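Trainee: The sequence and its predicted three-dimensional model are supplied below.
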Amino acid sequence: MTLYLKRDISAGKGCFTVSDALGEVKYLVSVPSSGLMTRFKLVITDASGNEAARIRRIPLAGTVTYVLRFDRKHVTLVTVPGANGISANFYGSNWRITGEFAARNFSIIDVDKTLISEQRNHADYCEINVADSKNELFCVAAAVCSNLINTIDSRALQAV
């Protein structure tokens, strides 16, 4: 299944929209309206407005760490800048990232080398090809995290 992630530049609290191949909005990614540390949190809601997942950014020295929570599960995504670019690793999952995570051109593969998803960056959107629909939300959350790296206007990470 193919999804399209696009940055939302409107004046609202929205950060990204995720559409399906027919152009229908499937998910909205936004900053929560209240709470402590909202500048480090994002909420993914489905088209009906129901919360589907949460992304929390943890500022640690030398890394950018994200905790992805959905369906009573959580996975930690740690990105570390290095001499050869940014490396990204999952903790709490047997999946790994290959390709250029910061450039938004990467694949997520399982320990048995089956493809989970792949993301390709285009001029104003990212194309996410998800191999199995049960992993869709996880792949969307990982794509959102990759799009938060090296952005000039990270409104998603600014104080509300």
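Mentor: Received it, and whenever you're ready, just let me know what you need. Numbers count the residues shown, from 1 in each chain.
Trainee: can we go C-alpha only for contacts and neighbour counts from here?
Mentor: Will do.
Trainee: So the most centrally placed residue in the chain, which state does it fall into?
Mentor: Centrality entry for the chain: nearest residue to the mean C-alpha point is residue 144, 2.3 Å, by C-alpha atoms, centre = their mean. Under DSSP: H, G, I helix; E, B strand; the rest coil, residue 144 falls in the helix class.
Trainee: when you give positions from now on, start the count at 48
Mentor: New numbering, starting at 48: the last item is residue 191.
Trainee: who touches it in this structure?
Mentor: Residue 191 sits next to 52, 63 when contact means C-alpha atoms under 8 Å, 6 or more residues apart in numbering.
Trainee: and it, how far is that from residue 160?
Mentor: Distance of residue 191 to residue 160, computed by C-alpha to C-alpha, to the nearest Å: 23 Å.
Trainee: quick revisit: for the residue nearest to the centre of the chain, give its distance to residue 170.
Mentor: 16 Å.
Trainee: now do residue 134
Mentor: According to C-alpha to C-alpha, residue 134 stands 23 Å off from residue 170.
Trainee: These two: who's more crowded?
Mentor: Higher neighbour count among residue 134 and residue 170: residue 134, with 18 against 5, using other C-alpha atoms under 10 Å.
Trainee: May I ask which helix or strand encompasses that one?
Mentor: Element membership for residue 134, per DSSP states H and E: strand 132-138.
Trainee: Next secondary structure after that strand?
Mentor: Counting by DSSP H and E, the next helix or strand C-terminal to strand 132-138 is strand 143-147.
Trainee: Can you check the pLDDT for residue 105?
Mentor: Listed pLDDT for residue 105 reads 88.
Trainee: So, low pLDDT: which residues of the chain?
Mentor: For the chain, residues meeting the criterion pLDDT under 70 lie at 57-60, 80-86, 197-207.
Trainee: quick one, helices of it?
Mentor: 183-195 (DSSP state H).
Trainee: What's opposite the spatially closest residue to residue 123 that is not a sequence neighbour in the beta bridge?
Mentor: With C-alpha to C-alpha, 6 or more residues apart in numbering as the criterion, residue 123 has its nearest non-adjacent residue at 4.5 Å, and that residue is residue 114. On the basis of DSSP bridges, residue 114 is bridged to residue 103, residue 123.
Trainee: Noted, bye for now.
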